[in-house]
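In: What follows is a protein structure lacking sequence information:
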């Protein structure tokens, strides 16, 4: 079976007691030495090398730690590849947090670099500024609202 | 001694203080906001009082609610921890007016050190070296004249400042007017006070601070230094003691200056005198004094061999500090790494979420001060500190190796952390050779001598295999471990089917 994480597709097939794992046209043999679903721990023998991993699952996200390095992967169906969270003309939240103030409204003419709203998270304040001169087309958030990272905040006329 | 102490804080520091109280046989009262209802500090304390909304001004910054909670629960003292109201002179005064004891210095000491311009004048008077500069200037012409005298680059900074706000580096005269204007407006917005001071900007400076400790009977000692130069956005990430840069002679001079600084404001309880240190000239200058317990106090505890929080409490209760300066020696080497919920690849911006995995390292010489566990929610309301990882060993080399190993064993899933980033810093030869100045992180990232891996992109081959196999092995129950065959309704691996191709 095939699984895609972000842009990389990996194929896993049972092969005797082991698995044949194919990535980038290369196939290696992987043996599962130990697996503990509750603790999210796996000890693997990958191509003869012992690898100890911690894996956690949160919907489509996978957090993996191997050798003290942690990666966050997002499981995607092949079709979703290449779709970005933001889009042209939209201003997105660079971090999760709360909208502290909104200084423009729909229809306002704004200058490049003008502060449109401010966000706050963990005692840090950041300003969301216009990337170019333009007109505010839509406001998706209001003061006090909690937003997620990459949520669209404001849309500008193209 | 006190019977009951209210801890006006949250997270790891609240837990640290609760433990000190328990060891001293003192009852504890925790306080909490809506976001912290299920936090560790609430469970650990003998009592817990709900303050209000998650927003700090409705909870941990609300002096009236805190004092009311202390009176209602019949506590006789308040420990402010660090941050929040710990350096608020009016709060300290209000606590004392309510016939409670503030576990910290006097309101007057806090006030005297709170203003950067005033404290600098007081330090000059006390003979403590300060960065060449001038206070109390108003017109642009005065600033220009002063800058010329000091020599560019100069720093203009808010007199009421802190945390890098209202601060501008100016490298030549034509930038000065604009820098003054923007620093003034930022200072006014952040602190309601637009006064600025100007001083020489030291480019490759290190941040070296001295712990001081005194009682209410006039005894005051220093407990050596902490090197805190690894910073991002003017905030510390890694601290160590002793500083490899100090000779015994300079350490002695700086220690004496720290004691003189504290004595100049009649200081008692725990405090920290921060210095800027120029490694080329081996000269040091007073920067500011933090009139509270510091985040990084554990490395001092390990190397100086003293429980600072317990002594804070005993001193506040009026006990005499029984140790003279010559009682203290530095034993071995200690390093602290601050594990933050932030994404170095996203400009060190905060990361929030529920902790899916939180495995703290253990072993000889390893201490973890944390306030989180698996299932804890990391919210955007408070600072991003998840844990302080502290190691102690016989010398710097062994301590560094111990820290590298401990960081590798620290597993946090659910929020992005700086664990991998700190490993990269510790591996760098500039850290090994103590060449990390306060601007190092920024310039190392700019110049590319320190490379950041985006946790979503720089995925190793082994990471991918483990992630893909987990979906197969954990879900199918094909695992060889006994527990994995149980039918666990909470097993997150069983809720993933809709994403499979």
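Out: Structure's in. What do you need? Treat the numbers as computed from the prediction; the structure is a model and nothing was measured.
In: tell me which element the residue of chain B found nearest chain A is part of?
Out: Per C-beta to the nearest C-beta, residue B:408 is where chain B lies closest to chain A, at 2.8 Å. All C-beta spots, glycine's among them, are computed from the backbone N, C-alpha and C. Residue B:408 is part of helix B:396-409 when elements are defined by DSSP states H and E.
In: Would you mark the buried spots in that helix?
Out: B:396, B:399, B:400, B:402, B:403, B:404, B:406, B:407, B:408 (16 or more other C-beta atoms under 10 Å in any protein chain shown).
In: Which residue ranges make up the domains of chain B?
Out: B:4-103, B:132-200, B:203-331, B:339-458, B:461-499 (automatic domain parsing).
In: what residue ranges in chain A score low on pLDDT?
Out: A:78-89, A:158 (pLDDT under 70).
In: quick one on the thing from earlier: among the domains of chain B, which gets the worst mean confidence?
Out: Lowest mean pLDDT within those: domain B:461-499, at a mean of 66.
In: one step back: contact partners for the residue of chain B closest to chain A?
Out: The contact partners of residue B:408, by C-beta atoms under 8 Å, 6 or more residues apart in numbering or on different chains, come to A:67, A:68, B:361, B:423.
In: Most proximal residue of chain A with respect to chain B?
Out: For chain A, C-beta to the nearest C-beta, closest residue to chain B: residue A:68, 2.8 Å.
In: what phi and what psi does the backbone show at residue B:466?
Out: When read as degrees, to the nearest 10, the backbone of residue B:466 gives phi -60, psi -40.
In: The one 5 residues further on too?
Out: Dihedral angles phi and psi of residue B:471 (degrees, to the nearest 10) take the values phi -60, psi -40.
In: Could you list the domains of chain A?
Out: According to automatic domain parsing, the ranges for chain A are A:2-80, A:90-156.
In: Helix, strand or coil: sort out residue B:22 for me.
Out: helix (DSSP: H, G, I helix; E, B strand; the rest coil).
In: In contact with the nearest residue to residue B:130 once chain neighbours are set aside: list those residues for me.
Out: Leaving aside its chain neighbours, residue B:130 sits nearest to residue B:286 (4.8 Å; criterion: C-beta to C-beta, 6 or more residues apart in numbering or on different chains). By C-beta under 8 Å, 6+ apart, the residues touching residue B:286 are B:120, B:123, B:128, B:129, B:130, B:131, B:257, B:261, B:273, B:274, B:275.
In: Quickly find the element holding residue B:286.
Out: Per DSSP H and E, residue B:286 falls inside strand B:283-290.
In: what's the following helix or strand after that strand?
Out: Downstream of strand B:283-290 (by DSSP H and E), the next one is helix B:297-304.
In: Remind me what that following helix packs against, helices and strands.
Out: Applying 3 or more C-beta pairs under 8 Å, 6 or more residues apart in numbering or on different chains; DSSP states H and E, one finds that helix B:297-304 contacts strand B:206-214, strand B:220-232, strand B:235-241, helix B:308-316, strand B:333-340, strand B:366-370, strand B:385-393.
In: Export the ones you listed as JSON lines, with columns for mean neighbour count and distance to chain A.
Out: Shown next, in JSON lines, are these (neighbours: other C-beta atoms under 10 Å in any protein chain shown; distance: least, C-beta to the nearest C-beta, whole Å):
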{"stretch": "strand B:206-214", "mean neighbour count": "25", "distance to chain A": "20"}
{"stretch": "strand B:220-232", "mean neighbour count": "24", "distance to chain A": "11"}
{"stretch": "strand B:235-241", "mean neighbour count": "24", "distance to chain A": "10"}
{"stretch": "helix B:308-316", "mean neighbour count": "22", "distance to chain A": "23"}
{"stretch": "strand B:333-340", "mean neighbour count": "25", "distance to chain A": "9"}
{"stretch": "strand B:366-370", "mean neighbour count": "19", "distance to chain A": "14"}
{"stretch": "strand B:385-393", "mean neighbour count": "24", "distance to chain A": "9"}
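In: could those be laid out in a markdown table, adding distance to residue A:19?
Out: Below are the helices and strands packed on helix B:297-304 laid out as a markdown table (distance: least, C-beta to C-beta, whole Å):
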| stretch | distance to residue A:19 |
| --- | --- |
| strand B:206-214 | 51 |
| strand B:220-232 | 41 |
| strand B:235-241 | 40 |
| helix B:308-316 | 52 |
| strand B:333-340 | 34 |
| strand B:366-370 | 36 |
| strand B:385-393 | 35 |
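In: My reading is that residue A:13 is in a strand; is that accurate?
Out: Yes - assigned with three-state DSSP, residue A:13 falls within a strand.
In: mind listing what it touches?
Out: A:1, A:19, A:20, A:22.
In: What is the neighbour count of the first one?
Out: Summarising burial for residue A:1: neighbours were counted as other C-beta atoms under 10 Å in any protein chain shown, giving 12.
In: do the third one as well
Out: In terms of burial, residue A:20 registers 14 neighbours under the definition other C-beta under 10 Å.
In: Assumed it was part of a helix.
Out: No - Residue A:20 sits outside any helix when classified using three-state DSSP, being strand.
In: Contact partners for it?
Out: With C-beta under 8 Å, 6+ apart, residue A:20 has these contacts: A:12, A:13, A:14, A:27, A:28, A:29, A:30.
In: Same question for residue B:44.
Out: B:15, B:18, B:19, B:28, B:30.
In: Now the phi/psi pair for it, please.
Out: The phi/psi pair for residue B:44 (degrees, to the nearest 10) reads phi -80, psi -30.
In: Save the buried residues of helix B:396-409 as JSON lines, and put in distance to residue B:309 too.
Out: Shown next, in JSON lines, are the buried residues of helix B:396-409 (distance: C-beta to C-beta, whole Å):
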{"residue": "B:396", "distance to residue B:309": "26"}
{"residue": "B:399", "distance to residue B:309": "22"}
{"residue": "B:400", "distance to residue B:309": "26"}
{"residue": "B:402", "distance to residue B:309": "24"}
{"residue": "B:403", "distance to residue B:309": "23"}
{"residue": "B:404", "distance to residue B:309": "28"}
{"residue": "B:406", "distance to residue B:309": "23"}
{"residue": "B:407", "distance to residue B:309": "25"}
{"residue": "B:408", "distance to residue B:309": "29"}
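In: Show me which residues of stretch B:165-175 are buried.
Out: Residues of stretch B:165-175 classed as buried: B:165, B:166, B:167, B:168, B:170 (neighbour count, 16+ other C-beta under 10 Å).
In: out of the residues you listed, who's nearest residue B:140?
Out: Relative to residue B:140, the closest of the buried residues of stretch B:165-175 is residue B:170; by C-beta to C-beta it sits at 12.1 Å.
In: Now the closest one: closest residue in space that isn't a chain neighbour?
Out: residue B:179 (4.7 Å).
In: Tell me if that neighbour really is in a helix.
Out: Yes - judged by three-state DSSP, residue B:179 forms part of a helix.
In: List the contacts of the most centrally placed residue in chain A.
Out: Centroid-nearest residue in chain A, with C-alpha atoms, centre = their mean: residue A:74, separated by 6.5 Å. Residue A:74 makes contact with A:5, A:6, A:60, A:61, A:62, B:456 under the criterion C-beta under 8 Å, 6+ apart.
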